[in-house]
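Student: okay, here's the prediction I keep looking at, along with the sequence it came from:
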Amino acid sequence: SQTIHQWPATLVQPVGSPLSLECTVEGTSNPNLYWYRQAAGRGLQLLFYSVGIGQISSEVPQNLSASRPQDRQFILSSKKLLLSDSGFYLCAWSGDRGSWEQYFGPGTRLTVT
Amino acid sequence: AQSVTQPDIHITVSEGASLELRCNYSYGATPYLFWYVQSPGQGLQLLLKYFSGDTLVQGIKGFEAEFKRSQSSFNLRKPSVHWSDAAEYFCAVGEPTSYDKVIFGPGTSLSVIP
């Protein structure tokens, strides 16, 4: 069966520090991968999606970047964190186009101080 | 542009009572519609989805939703709520692109009184 992992689960970082969040998927190949951010009391904002290795598309301009170095690995990064980067970050995957259902990881709670 | 609204930010119901969570969407074509649930501090899980056909769809955990094209709505219902149903519920609309883009509503937080 397929599983999705995210780490770390929680992270407290000072303003201006770098960030690296990792997401890996097991049990499937060539998934579509997504990074979402969920601010307190708000819905999900799609940050990045990827349909294949090295293929990254950004949905909104921001202080973050994403990379997909391997088929089932998706990394969210920042060179210098801002206070506004605080939030709950969720990674998700879906199968081939037309499958639609997205499977979410457990999330990373990021607090920028 | 496509959008999803959930008019109720927070709802409180008593255990055993019925539940209806509202969802309205704006979409130019036949929509693909979804309901997801998020337990506190966790990721999201798909409850049910509508693509076409029967407008009343059944999902997991005893939930159902009804698609009403005339009202641009896709409300989620459950006849008898359990304490374990306390969670955040998200309605979403699918926007066919190169990667099956899904737009999420702002969510409705459900509290259940024992």
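Tutor: That came in fine, so what should we check first?
Student: in chain B, which residue sits nearest chain A?
Tutor: Chain A sits closest to residue B:43 of chain B, with a gap of 3.3 Å, by Cβ to the nearest Cβ. (C-beta placed from N, C-alpha, C; glycine too.)
Student: I'd guessed that residue sits against residue A:108; true?
Tutor: No - Residue B:43 lies out of contact with residue A:108 (Cβ atoms under 8 Å); the separation is 10.4 Å.
Student: which stretches of the chain have low pLDDT?
Tutor: Since you didn't name a chain, this refers to chain A. A:41 (pLDDT under 70).
Student: other chain: chain B
Tutor: If you take pLDDT under 70 as the line, chain B has these spans: B:97-99.
Student: can you tell me which residues contact the residue of chain B closest to chain A?
Tutor: Taking Cβ atoms under 8 Å, 6 or more residues apart in numbering or on different chains, we find residue B:43 in contact with A:4, A:90, A:92, A:104, A:105, A:106, A:107.
Student: residues near the fifth one, how many?
Tutor: Taking other Cβ atoms under 10 Å in any protein chain shown as the neighbour definition, residue A:105 ends up with a count of 23.
Student: for chain B, what's the nearest residue on chain A?
Tutor: Nearest to chain B, among the residues of chain A, is residue A:104, at 3.3 Å (Cβ to the nearest Cβ).
Student: surely that residue touches residue B:45?
Tutor: Yes - shown here, residue A:104 and residue B:45 form a contact pair, counting by Cβ under 8 Å, at 7.2 Å.
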